[in-house]
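Asker: Requesting a structural model of the entry that follows:
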Amino acid sequence: MNFLNAISVGFKEIWAHKFRSVLTMLGIILGVSSLVAMTALVKGMENGMREALIAIGGLEKVRIEQQDIPPDQQHLADQAIGMTVHDLHALKASAPLITQVAPEMRAPRNTRVTKGGKTTDWAYVVGTWPTALDINQHTIEHGRMFNEVDDDYARSVCVIGTNIRDQLFGSEEDVGREIVPIGESLSIGGEPFVIVGMFQRYESETEKKRRAYMKTQPPVQQTGPARSRGWGGRGRGGDGFFRWKNNTVYIPLNTMYLKFKSAVGTNNSPDPRLDVINIRVADIDVLEPGMQQARNVLMHSHKGIEDFAFQTQENMSEGISTTIRNARLSGGIIAIISLLVGGIGIMNIMLASITERIREIGIRKAIGASDANVFVQILVESTFIALLGGLAGLATSYGLVEIISALSPADNTPVITPTAMIVAFSFSALVGIVAGIIPALKAARLDPIQALRYE
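Answerer: Residues are numbered from 1 along each chain as shown. From the prediction side, this is the model:
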């Protein structure tokens, strides 16, 4: 019996016991499908995190925040004035590796954004410069960004995110058309402001697809009082980074200072301090030298008092990598265990099959089949079962991903990658080969005379 005949006999044996073979494959099918589905979910999560990282400025952006004065400088506390506009001009003039600078002077916590009788549940009201548009990766969809003239004259103008529009003027979902409130007025902390621009809507891939689908559906009759659902806010698609950007209200820096900060400090004195200074370096390769330049400039302007700290997006990038690595590791271990259980099932069935076919194997060896022929036949059966299970698992993984997405919607669509499919299928083949070695060796070592006597 040659090797081709051994392979043919192995296939026929599988076909002769179809139901048993299918049951044996289940472990491999579940293992492969779970491995591919897990990888797809983690990939979707990674895409969402990377997208959010880009949405808040990318790796080239660095935040300079206020911090407590170090213990060894406490005796200089009365000289510390915090970060001010003076620091902005010093950075622009003396840090050549820094390409852009944008301040953040935040409104007091109790500041409300209202329009008529409507109030936003939360708004991120910030006084800044026009450069914040590029540093924070904002895009104006309607109207314009306020300019240097608006800032110099402290004009009462603002640029809003889509969540602010939805809550104060109505959403596209409610009225069936897009509302563009350019030129409309709203109230920020009791002060009137005119809307001169509106950012585009920032949303996850899943939310974008859902909104596109909703546009194709017939409008639903409103039976109760109209309300805004706040696209990209809390609930579905409400990724924190996108929600933050959609709830942003930008006003000129001088306007923020004159209307909200000129009499809110200690003893109602002016508070010129900035909450954050955002800077962007020329390239990620010069991030460290750029930060060192910024530190040198600030140490000089702060008279040697280190009451500031740097926060880089690299910290977030490293956190994303750690989260993804842990998710892949834990999910991969579970999937590999499922494949190993499937391999044990294959080995068990093959051992049982050999016991049933001892006389058959004895006859084949008696008429000339070598030990290698018998070994290949059994190994082919176990490997072929694993390969069929692997192919079925790859097909099943698509359905499993859809089921998981329906039962537990994520902010980002799972992505099935070719690499994951190749790895899962290769592992299933390896499991089939390993699981078949012991039964194949047992069958090949059978003594023909003893096998023929077996009842």
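
Asker: three-state assignment of the residue lying closest to G189 once chain neighbours are set aside?
Answerer: Once flanking residues are discounted, G189 sits nearest to T111: 4.2 Å by CB to CB, 6 or more residues apart in numbering. C-beta coordinates here come from the backbone N, C-alpha and C atoms, glycine included. Put simply, T111 is coil when judged by DSSP: H, G, I helix; E, B strand; the rest coil.

Asker: I'd like to know how far A335 sits from I344.
Answerer: Distance, A335 to I344, by CB to CB, to the nearest Å: 15 Å.

Asker: Compare neighbour counts for these two and give me the winner.
Answerer: Using other CB atoms under 10 Å, the more surrounded residue of A335 and I344 is A335, with 22 against 13.

Asker: contacting residues for the more buried one?
Answerer: Shown in contact with A335 (CB atoms under 8 Å, 6 or more residues apart in numbering): G31, S34, L35, M38, A424.

Asker: my guess is F260 meets G189, correct?
Answerer: Yes: between F260 and G189 there is a contact under CB atoms under 8 Å: 6.1 Å.

Asker: Compare neighbour counts for the two and give me the winner.
Answerer: Just comparing F260 and G189: by other CB under 10 Å the higher neighbour count belongs to F260, 21 against 15.

Asker: Please settle this for me: is the more buried one part of a strand?
Answerer: No: going by three-state DSSP, the assignment for F260 is helix, not a strand.

Asker: do you know how far it is from R109?
Answerer: Per CB to CB, F260 is found 11 Å from R109.

Asker: How about R63?
Answerer: R63 sits 19 Å away from R109, going by CB to CB.

Asker: Distance check, F427 against E148.
Answerer: In this view, F427 and E148 are 60 Å apart by CB to CB.

Asker: related to what we said a few turns ago, among the contacts of A335, which one lies nearest to Q100?
Answerer: Among those, M38 lies closest to Q100 (CB to CB), at 40.3 Å.

Asker: all strands of this structure, in order?
Answerer: For the chain, strands defined by DSSP state E occupy the ranges 61-66, 98-106, 113-115, 118-119, 124-128, 140-143, 157-160, 185-188, 191-199, 248-252, 276-281, 308-312.

Asker: what about the ones you listed, which gets the closest to P270?
Answerer: Nearest of the strands of the chain to P270, taken as CB to CB: strand 98-106 at 11.9 Å.

Asker: Can you check what angle separates that closest one from strand 276-281?
Answerer: 160 degrees (axes from the mean of the first three to the mean of the last three CA atoms, to 10 degrees).

Asker: same question for strand 98-106, mean pLDDT?
Answerer: Averaging pLDDT along strand 98-106 yields 93.

Asker: what distance separates stretch 296-310 from the centre of its chain?
Answerer: Offset of stretch 296-310 from its chain centre (CA atoms, centre = their mean, to the nearest Å): 35 Å.

Asker: Can you get me the start-to-end distance on it?
Answerer: 12 Å (CA to CA, to the nearest Å).

Asker: about what we covered before: pull the most distant pair out of the contacts of A335.
Answerer: Within these, G31 and M38 form the most distant pair, 10.7 Å apart (CB to CB).

Asker: Which one of these two is surrounded by more residues?
Answerer: Using other CB under 10 Å, the more surrounded residue of G31 and M38 is G31, with 28 against 24.

Asker: quick one on the thing from earlier: need the overlap of contacts for F260 and G189.
Answerer: Each of A107, P108, T111 lies in contact with both F260 and G189 under the rule CB under 8 Å, 6+ apart.

Asker: Mind putting those residues into CSV with distance to W122?
Answerer: Formatted as CSV, the shared contacts of F260 and G189 follow (distance: CB to CB, whole Å):
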residue, distance to W122
A107, 12
P108, 14
T111, 11
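
Asker: Just give me the closest of these to Q377.
Answerer: Proximity of the shared contacts of F260 and G189 to Q377 (CB to CB) peaks at A107, which lies at 78.4 Å.

Asker: which residue sits closest to the closest one, ignoring its sequence neighbours?
Answerer: V125 (3.8 Å).

Asker: Isn't the one you found up against I188?
Answerer: Yes: the pair V125 and I188 passes the contact test of CB under 8 Å, sitting 6.0 Å apart.

Asker: For the two, list the residues in contact with both.
Answerer: The contact sets of V125 and I188 overlap at A107, T111, V113, V249, I251 (CB under 8 Å, 6+ apart).

Asker: show me the contacts for the second one.
Answerer: If you count contacts by CB under 8 Å, 6+ apart, T111 has them with A123, V125, I188, G189, F260.

Asker: ok, now how distant is the fourth one from I179?
Answerer: Between G189 and I179 the distance, using CB to CB, works out to 23 Å.

Asker: Verify the stated contact: T24 with I346.
Answerer: Yes: assessed by CB under 8 Å, T24 is found in contact with I346 at 5.6 Å.

Asker: anything in contact with each of these two?
Answerer: Counting by CB under 8 Å, 6+ apart, the contacts common to T24 and I346 are I385.
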